[in-house]
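J.: Give me a 3D structure for the following:
(2 chains)
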Amino acid sequence: MMATTEYLLSVRHDYDQPAPPAEEMQRAYAQVDAFNARLRERGAWVFAGGLCPPETATVVSVKDGEVMTTDGPFAESREHLGGFWVLRAADLDEALDWARQASEACLNPVEVRPFQAE
Amino acid sequence: MTDPRAIIASVFREEHGRVLATLVRLLGDIDLAEEAVQDAFLVAVDRWPRDGPPPNPGGWIVTTARRRAIDRLRRDTLRTDRQARAARLEERLVTQPEEDSAVPDDRLRLMFTCCHPALAQPTQVALTLRLLGGLDTPTIARAFLVPEATLAQRLVRAKRKIRDARIPYRVPEAAELPDRLRPVMAVIYLVFNAGWIAEGEQLVDAGLCGEAIRLARLLVDLMPDEPEAKGLLALLLLLQARQPARTTADGTLVLLPDQDRGRWDRALLDEGRALVRACLRRGAPGPYQIQAAINAVHSDAATAGETDWAQILALYDQLLVWQPTPVVALNRAVAVAELHGPPAALDLLDGLDLQAYQPFHVVRAELLARGGRRAEALAAYAAALALTRSEVEREHLTRRRTEVATQATTRAEPAAPGA
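T.: Residues are numbered from 1 along each chain as shown, chains lettered A, B, ... in the order given. Below is the predicted model of the structure:
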C-alpha cells in the first residue's frame, strides 16, 4: 500500500462578517455534504466537523497545579477556526487538491497542515 | 585541465545538481542526500589528487555518495528511533540497480520541488540555488542581502516542510504544468535579475547570471516542447550578450543607446536569435518569448539610431496584454518616447503607480531632461538616487544629474533588463 500522510484542513472563518443569506448557507451545506461523500468514496476521509462560534469556547490551563478557566477563545481575532477536516493523502499536491475542493464547497479559505508522523 | 582540484571544482559546478537530484530520488530525503554528496566530494578531494580523477567523475560521485549514504544509515540505526526508516531506505538502496547516469528527469523533479507553490518565492530561489546550483549559503545570502543565519534558517524550514508536508518529487502532469512551470521560470529570471544589477561595488554578479542561464538551459533541455522555456533562455542569452558593453574598462555604466555594439557577444546573440526564430515559427507566444523578441530587435540594429522602435512598441503592446503591469507600461513608454517624443511618454508615466520603483524615476528623469524640463529632471534624479543600491549605477546617475544641471540631451533605456 502506498504510504499516506494525514492532513488537517482547517477552515478560517471571519466571524465579524455578517452571515451570508440563508440560500447561500444552504448551498454551502449541500456542497460540503457532496465533498464529504467524495472523500469517503476515495478512502481519504478520517474525520470532519463544523464548530459552534468562538464565543462558545472556554480555555482551560493548568499552572502549578492550579486550574484556570477562562471565557472565550484563545485569541482576540476576527478569524477563527470554523470547522475542519482530517484526511489522508499521498502527498501535498493531493492534499492541496482536496483543499481547493473544500474551499470551493464551504466558501471560506482553508489551511492545510500535515500531522506529525507517528 | 589536469589539476585534480580544478577538476573537482568543475565537477562540483557541473554535476552538483544532477548528482544531488539522483540521490534525492534514491534516498527520498534531501538532507541525507546533501550529506552524502558532500561526503563523496570530500572523498574525491582526498583521492583524486593521489590516484588521478576517475574516467566518469559524475558517475563516480553518485556511486560514492550512495555508499556513503548507506554507511550513514548503518550508523544511524544505532539510534532506535530512526531504525525502521533506515532499514527501509537501505533496502531501497540495495535493491535499486547501480547506475552511472541519472534518470534524465531527476533535476527537473528537483526543480519543481524547489519551486513548489506551497513555498514562498524567496525560499524557492534559495532552495534552487542551493540544491540545483550547489551555491553555498553565504554566497546566496550575499546576493540577496539577507543575513546568513536568516537564509540558513529559511533553507532548514523549507526542507522540513518538503519532508513533513510531503511536497512531492515529481514532474507535474500536463494539466497542471502551465501553473507549475510559471514559478520555476520566475525563479530563474529573478536569479538573473539579481545578477544583472548587483547591489554594491560590482555592477554585475556574473555568478548569478551564469547560474540563471545554466538553469534556463537545463529547463529547455528537459522540456524541449515548452516554448516559454525557450523564450526565457533566449531572453537571458540576448541580455547576457550585452554584458561586456555595459561597463567601460574603468567600470563606468554604459546605457544601451551608447554601448559599443562591437563588444556584444556574437555567439550568445546568434544563439538567442535562433531561439527567438524557433519560437516565432512555433506560434505559441508568451511573455518570455515576447521579451526575448524585443531584445532580438535591439540586437538586430547595427547602431542605436537604426533600432526598429515601431516593432518594439508593437511587441510591448502584445506584452501588455499578457502582463498588464505598471512595469511593462513603463518600458512601453520608453518605446513611445522614441517614436512620438518625450512629452507623449511622460503623459503615460503620470498614470503609473511606481513611486517605490527605482527604474521609474530613472526613466522619468531622462525623459524630463530630454524634454528640457530641467528642474523636474533634477528632482527625478534625486528620487532615483535615493532608491539606488548599486554603486556603479549611483555614479552613473550622479554624473547624469551633473550633466543635466548644465545642459541636457540623451536617451532613456528600458527600465528592467528583460523589457
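
J.: who are the neighbours in contact with the closest residue to residue A:45 other than its chain neighbours?
T.: The shortest distance from residue A:45 to any non-neighbouring residue, by C-beta to C-beta, 6 or more residues apart in numbering or on different chains, is to residue A:39 (4.1 Å). Every residue, glycine included, has its C-beta placed from N, CA and C. Residues near residue A:39 by C-beta atoms under 8 Å, 6 or more residues apart in numbering or on different chains: A:45, A:48, A:85, A:87, A:98.

J.: just checking, what's the longest helix in the chain?
T.: Defaulting to chain A. helix A:22-41 (DSSP state H).

J.: Not quite, go with chain B.
T.: From DSSP H, the single longest helix across chain B is helix B:4-27.

J.: ok, then the element right after it?
T.: helix B:30-51 (DSSP states H and E).

J.: helices and strands around that next one, which ones?
T.: Here helix B:30-51 touches helix B:4-27, helix B:57-76, helix B:148-164, going by 3 or more C-beta pairs under 8 Å, 6 or more residues apart in numbering or on different chains; DSSP states H and E.

J.: Which strands or helices does the shortest one pack on?
T.: In this case it means helix B:148-164. If you count contacts as 3+ C-beta pairs under 8 Å, 6+ apart, helix B:148-164 packs onto helix B:30-51, helix B:121-127, helix B:137-143.

J.: ok, and what's touching it?
T.: Under the criterion C-beta under 8 Å, 6+ apart, residues A:114, A:116-117, B:29-31, B:113, B:116, B:118-119, B:122-123, B:126-127, B:130, B:137-138, B:140-141, B:144, B:146, B:167 lie in contact with helix B:148-164.

J.: same deal with the first one?
T.: Contacting residues not belonging to helix B:4-27 are listed as B:1, B:30, B:32-34, B:36-37, B:40-41, B:44-45, B:48-49, B:52-53, B:57-58, B:61-62, B:65-66, B:69, B:89, B:92-93, B:96, B:102-103, B:106-107, B:109-110, B:113, B:131-134, B:169, B:218 [C-beta under 8 Å, 6+ apart].

J.: Selecting buried members of those residues in PyMOL, what would you type?
T.: Buried members of the contacts of helix B:4-27, defined by 16 or more other C-beta atoms under 10 Å in any protein chain shown, are picked up in PyMOL with:
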select buried, chain B and resi 30+32+33+34+36+37+40+41+44+48+53+57+58+61+62+65+66+69+89+93+102+106+107+109+110+113+131+132+133+134+169+218
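
J.: What pLDDT is listed against the most centrally placed residue in chain A?
T.: For chain A, residue A:84 is the residue whose C-alpha lies nearest the centre (C-alpha atoms, centre = their mean; 1.7 Å). At residue A:84, the predicted lDDT confidence score is 95.

J.: Same question for residue B:253.
T.: Residue B:253 carries a pLDDT value of 88.

J.: That one and residue B:204 touch, don't they?
T.: No: with contact defined as C-beta atoms under 8 Å, residue B:253 and residue B:204 do not form a contacting pair (10.4 Å).

J.: who in the stretch 51-200 of chain B is up against chain A?
T.: Taking C-beta under 8 Å from any C-beta of the partner chain as the criterion, the neighbours of chain A within the stretch 51-200 of chain B are B:116, B:118, B:164-168, B:172.

J.: out of those, which are buried?
T.: For these, a burial check counting by 16+ other C-beta under 10 Å picks out B:116, B:118, B:165-168, B:172.

J.: Could you identify the most distant pair in these?
T.: Across these, the longest distance by C-beta to C-beta is 16.5 Å; it joins B:165 and B:172.

J.: May I see the residues of the stretch 51-200 of chain B next to chain A organised as a markdown table, with secondary structure and pLDDT added?
T.: Formatted as a markdown table, those follow (DSSP: H, G, I helix; E, B strand; the rest coil; pLDDT from 0 to 100):
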| residue | secondary structure | pLDDT |
| --- | --- | --- |
| B:116 | coil | 95 |
| B:118 | coil | 95 |
| B:164 | helix | 92 |
| B:165 | coil | 94 |
| B:166 | coil | 94 |
| B:167 | coil | 95 |
| B:168 | coil | 93 |
| B:172 | coil | 89 |
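
J.: nearest to residue A:61, of the residues you listed?
T.: Of these, the one sitting nearest to residue A:61 (C-beta to C-beta) turns out to be residue B:164, at 27.4 Å.

J.: any idea how far residue A:117 is from the closest one?
T.: For residue B:164, the distance to residue A:117 equals 8 Å [C-beta to C-beta, to the nearest Å].

J.: so where's chain A uncertain?
T.: A:1-2, A:118 (pLDDT under 70).

J.: ok, which residues in it are in contact with chain B?
T.: A:5, A:7, A:89-93, A:95-96, A:112-114, A:116-117.

J.: Apply 7 Å and report the result again.
T.: Where chain A comes near chain B, counting by C-beta under 7 Å from any C-beta of the partner chain, the residues are A:5, A:91-93, A:96, A:114.

J.: Which ones among these map onto helices?
T.: A:92-93, A:96.

J.: among these, who's most crowded?
T.: When neighbours are counted by other C-beta atoms under 10 Å in any protein chain shown, residue A:92 leads these with 23 neighbours.

J.: Distance check, the nearest residue to residue A:28 once chain neighbours are set aside against chain B.
T.: The spatial neighbour of residue A:28 that comes closest, neighbours along the chain excluded (C-beta to C-beta, 6+ apart), is residue A:107 at 5.1 Å. According to C-beta to the nearest C-beta, to the nearest Å, residue A:107 stands 22 Å off from chain B.

J.: All the strands of chain A, residue numbers only.
T.: With DSSP state E as the criterion, chain A has strands at A:5-14, A:45-50, A:58-63, A:66-71, A:79-89, A:110-114.

J.: helices or strands next to the third one in the packing?
T.: In terms of contacts (3 or more C-beta pairs under 7 Å, 6 or more residues apart in numbering or on different chains; DSSP states H and E), strand A:58-63 is packed against strand A:66-71.

J.: Just want the angle from the longest helix of chain B to helix B:57-76.
T.: 60 degrees (axes from the mean of the first three to the mean of the last three C-alpha atoms, to 10 degrees).

J.: Can you list the buried residues in helix B:4-27?
T.: By 16+ other C-beta under 10 Å, the buried positions in helix B:4-27 come out as B:4, B:7-8, B:11-12, B:15-27.
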